[in-house]
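Chemist: 3D model of this:
(chains A and B)
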Amino acid sequence: MNLLPFTPYLAFAGAGLTLLVGSRRATWARWIALATALATALFGLFAARVFVASAELQSLVDVSWIPLLGVRYHLAVDGISMTLVVLTGIAATAGVLFSWNIEKRPGAFFAFYLALIGGVYGVFLSADALLFFVFYEIAIVPKYFLIAIWGSGEREYGAMKLALYSFAGSALVLAGLLWLASTAPVQSFSFDDLAAAATQVGCGEARIMFALVFFGFAILAGLFPFHTWAPTGHVAAPTGASMLLAGVVMKLGAYGCLRIALPLFPAAFSFWQPMIAALAVTGIIYAGLIALVQDDLKFVIGYSSVSHMGFVLLGLAAANLRSVSGAVLQMFSHGVIAGLLFAVVGRMVYDRTHTRKLEELRTWPLHRLMPFAAVVFVLAALASMGMPGFSGFPAELSILLGAWRTSPWASVAAILGVVIAAAFTLRAVQVAFFGRTTATPGELVSVQPLPPISLPERLGAGLLLGAAVLIGLKPDLLLNWIIPSLHSPQFLQVITGGGS
Amino acid sequence: MNLNHVELARALSPEAALTLGALLVLGIDLIFFKRAQPSVRLRSASLTAAAAIVTAFVFSFCNHASPTALESVLALDKLAVATRCGALGLSFLVLGITSLAPTPRHSAEYIALLLFATAGITLMAVAQHLLVAFLALELTSLSLYALVAFDTHRREATEAALKYFLFGGVSAAFLLFSFSLLYGLTGAVDLRGVAHALAHQNGSPLLALALVMMLVAFGYKTAAAPFHLWAPDAYQGAPTPIAALIASGSKLGGLIMFSRLLWPSLLTGTAANDSAHSGLAWLSTLALLSAASLVLGNIAALAQSNIRRLLAYSAIAHAGSLLLGVMIAGPAGAGPLYYYALTYGIATAGAFGVIAAVERNASCQQISDLAGLSRRSPLLAGCLLVFILSLAGIPPLAGFFGKFFVFSAALKVGGLAAWEGQLALAAILLSVVSLYYYLLVLKQAWITPVADNAAGQIRVSPVGAIALVLAASAIVLLGVFPNYLLGGV
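Modeler: As a prediction, this is how the structure comes out:
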């Protein structure tokens, strides 16, 4: 029996349970949250074990929901959603482990956290545009509270900015989808019926509809110039939430672009394609350059997320089999690596040193005080730079190769982005962890020892690092799911063979 | 006209139950509780009123058969039954909120007026005759004027009531003038007769005048810009449960009644055909009102620091979408409008209920008075979260589907080329603005810590708690299963 359809509800039930029992007993809240996240992850992995990718969405549940408007409760899975479901399971579990030290209202924290995860699972499993949208918005609201209550720094500003940008994006999507659905002869929001309706729409209208839907989703994916919410929001967020937001929630936007915007409007997409590619490349380079001059370690990671999501969007914009499969792989890869980076910076470093300023971190000999954190951060940084052996390598390589076929100039510019990424990542590693390599032993003694790295942190880091290495060494595990799914009729309208 | 008294009694049994209930409330209080504690008097009056509302609900629910002899006066179609039941449900919620709010000084009169207002609203739901419509409207309005002024020792209450009364009186005059013009043009006072006569004569300038005057009264009733000026003051000065009633039940009844007046086709249950639809001049006026309300409500709400005024401006913004629902009630049926108005009513009344509960301890006027609510009463904070998010239109709560049904029907009318489609697009984009001020409310309740001088835990009366939890569950359930409500109209 396939348990996947229950994952969103398992998460929602876990959210309700932590809210009920967690307000008094912090330990219970943590264990319930961990059990829930782990159970959803296991549901995903069990489903993945028996999953055979094919060129179609495999229906899980399909019942009528709002018959008057032709809305169906339709959950389905293909290789792309399977990849992202597995990612969500890993990131959610790791996020709980890195939130183990939340002392302030832990019940409410994990309730919002699990509600967010439930919404995310729902989005990845939805095969009806309206259902997709409903889950998509369910995932927006908890973000605000997670950041505004448990965040640090300018948390209320960051939370509001993030919520308004996300909501603005979803309003654009809703406008586009409703407009498209209103032209359809039959009342329906299923992907197939909407696609059929889109073929009847005039060229000019279709371009506007595509722009509404695509850019609406792309706001959440951090497309330049709509990316500014991402660094402020992710930096202000508590660690577990940063990991989820950068790791998984940004993927909702990219997934929406891929699942809804592209297949619905193939012709309009080709009109906007150069523009999207240009914005994606600008985002890669611009965010990389900004990351290079940040004096806050978490902002470096925040901007690096935008830069890496630029690769995902470039992969989508290039629209061939190699680049798009690379984009999906990059979604997974960035999900675990960004999670890991935020975990090290937010949980391991900031919670112990209480500073994220590179100027101040420079004076701490962190590599001696926290060797574990230093090792993990170096590995994560290597993965983030796209070193072979980590998941970022096959992902970015296949995006660049794919983009080369469609728009060589974009590919060349993006390679420049890779170089910049190496520069800002190495700078962060060097300054934050190896700032005072020349310190004398006497100086080292004067620094107080920091609390040791706890077991949940080690487990979480191991989980994320393991996923990054596993996919880095054997990307076929995911590509065997992704590539067959991209051969579905809907995708073949937009995605060219690309010689893979 | 030969009147069948049995049929009349059956058709008006809910109103009769409410009126009898009101008289019983007054009588019981006068005879048995003259020297009792105010809280005891309130409890006895509320119990009687609850019984009356439940009886009226059962009567209206079982009262499907449309009386043939009365069809020119009363409509008892599905829409009327649904509106009656919805309005009674909202009044029941308001009664629950009354138990949360500070006890009024003359509880029996207060509750009796509440029942009279409810009777007026249910009568609005079935009115099919110009005079019945006017009577129903006035019955509701007069009761509400008195209720708004109920706290006579508070100056704002008097100011609010005076404002509400003056605006209401003028708009009633407009409505009556409009009716008299309609009668002069057609020689009929029942809607079918009016529609029939109008169909057979050319458009007259007097008809346009009559419709514009009707829209003035309509704009007042729904608090649409530019006839909204009373709303912020009335919401601020009225006792909280009464503000909830003005925002919810009275609005639902008014919207349905005016939709019937404007769309004679609703009576027959058939959708208007396209040519008839596009030729209606009042639609463009209504579209202007709707656009003005959407913009003004959403923008002005940003600047509010008083929670009641914020809810008032949010009501004005919602009135913009509700008017859009009225505009599409002809081509698409009143289902979306009804669903939107009812779920909006539940959410906004619920939000006022939370304010009422907070008010019991200390004054609750500013948004910042809600600070630390999640610690002072997790139940209230949770309910407020549901109500406010529903007002903001976040799925899967009912508020989202209300907007969704109205907007998708509006876009169906003529895509983005039509007024309706453009308004729907504007409303969707302005909902982003609205999220900001709704989040400001939730920020106070959930994020800002308790101010030093604020009291500790808020005690919520069990009845009120049940009412709020029921309302919040209704918002969630009607959102997850919207078909139950939408299919009923």
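Chemist: drop to CA atoms for contacts and neighbour counts, all remaining ones
Modeler: Noted.
Chemist: around chain A, which positions in the stretch 351-489 of chain B sit nearby?
Modeler: Contact residues (CA under 8 Å from any CA of the partner chain) of the stretch 351-489 of chain B with chain A: B:394-396, B:407-409, B:411-412, B:415-416, B:425, B:428-429, B:431-432, B:435-436, B:439, B:446-447, B:481-483, B:487.
Chemist: which one is residue 347 nearest to, not counting chain neighbours?
Modeler: In the absence of a named chain, this looks at chain A. Residue nearest to A:Arg347 in three dimensions, not counting chain neighbours: A:Thr239, with 5.9 Å by CA to CA, 6 or more residues apart in numbering or on different chains.
Chemist: ah, no, chain B please
Modeler: B:Phe387 is the one closest to B:Ala347 (CA to CA, 6+ apart), at 4.7 Å.
Chemist: could you say which helix or strand contains that neighbour?
Modeler: Per DSSP states H and E: B:Phe387 is located in helix B:378-392.
Chemist: I'd assumed A:Leu314 was in contact with A:Gln273.
Modeler: No. If you go by CA atoms under 8 Å, A:Gln273 and A:Leu314 don't touch, sitting 9.7 Å apart.
Chemist: I'd like the next helix or strand past the helix holding B:Phe387.
Modeler: Heading C-terminal from helix B:378-392 (DSSP H and E), you reach helix B:398-414.
Chemist: near chain B, which residues of chain A are found?
Modeler: A:65-68, A:134-135, A:137-138, A:145, A:148-149, A:160, A:164, A:167-168, A:171-172, A:174-175, A:178-179, A:181-183.
Chemist: now a PyMOL select for only the buried ones of these.
Modeler: Selecting only the buried entries of the residues of chain A next to chain B in PyMOL, with 16 or more other CA atoms under 10 Å in any protein chain shown as the criterion:
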select buried, chain A and resi 65+66+134+135+137+138+145+148+149+160+164+167+168+171+172+174+175+178+179+181+182+183
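Chemist: counting only helices, which of the residues of chain A next to chain B make the cut?
Modeler: A:134-135, A:137-138, A:145, A:148-149, A:160, A:164, A:167-168, A:171-172, A:174-175, A:178-179, A:181-183 (DSSP state H).
Chemist: now for A:His355, how many residues are close by?
Modeler: You called it His, but residue A:355 is Thr. 16 (other CA atoms under 10 Å in any protein chain shown).
Chemist: now it, what's its secondary structure?
Modeler: Secondary structure, DSSP: H, G, I helix; E, B strand; the rest coil: A:Thr355 is coil.
Chemist: which non-adjacent residue is nearest it?
Modeler: That would be A:Leu361: by CA to CA, 6+ apart, it lies 7.1 Å from A:Thr355.
Chemist: wait, what's in contact with the one you found?
Modeler: By CA atoms under 8 Å, 6 or more residues apart in numbering or on different chains, the residues touching A:Leu361 are A:Thr355, A:Val431, A:Ala432, A:Phe433, A:Gly435.
Chemist: which among these count as buried?
Modeler: Going by neighbour count (16+ other CA under 10 Å), these have A:Thr355, A:Val431, A:Ala432, A:Phe433, A:Gly435 buried.
Chemist: buried ones in stretch B:31-45, by neighbour count?
Modeler: B:Phe33, B:Pro38, B:Arg41, B:Leu42, B:Arg43, B:Ser44, B:Ala45.
Chemist: so how far is A:Trp272 from the residue of the stretch 201-350 of chain A found nearest chain B?
Modeler: Nearest residue of the stretch 201-350 of chain A to chain B, counting by CA to the nearest CA: A:Glu205, 9.7 Å away. A:Glu205 is 13 Å from A:Trp272, where distance means CA to CA, to the nearest Å.
Chemist: check what pLDDT the residue nearest to A:Thr355 gets.
Modeler: On the pLDDT scale, A:Leu361 is placed at 79.
Chemist: give me the residue at the spatial middle of the chain.
Modeler: Just so you know, I chose chain A. A:Val248 (3.0 Å; CA atoms, centre = their mean).
Chemist: hmm, I had chain B in mind actually
Modeler: Central residue of chain B (CA atoms, centre = their mean): B:Lys251, at 2.4 Å.
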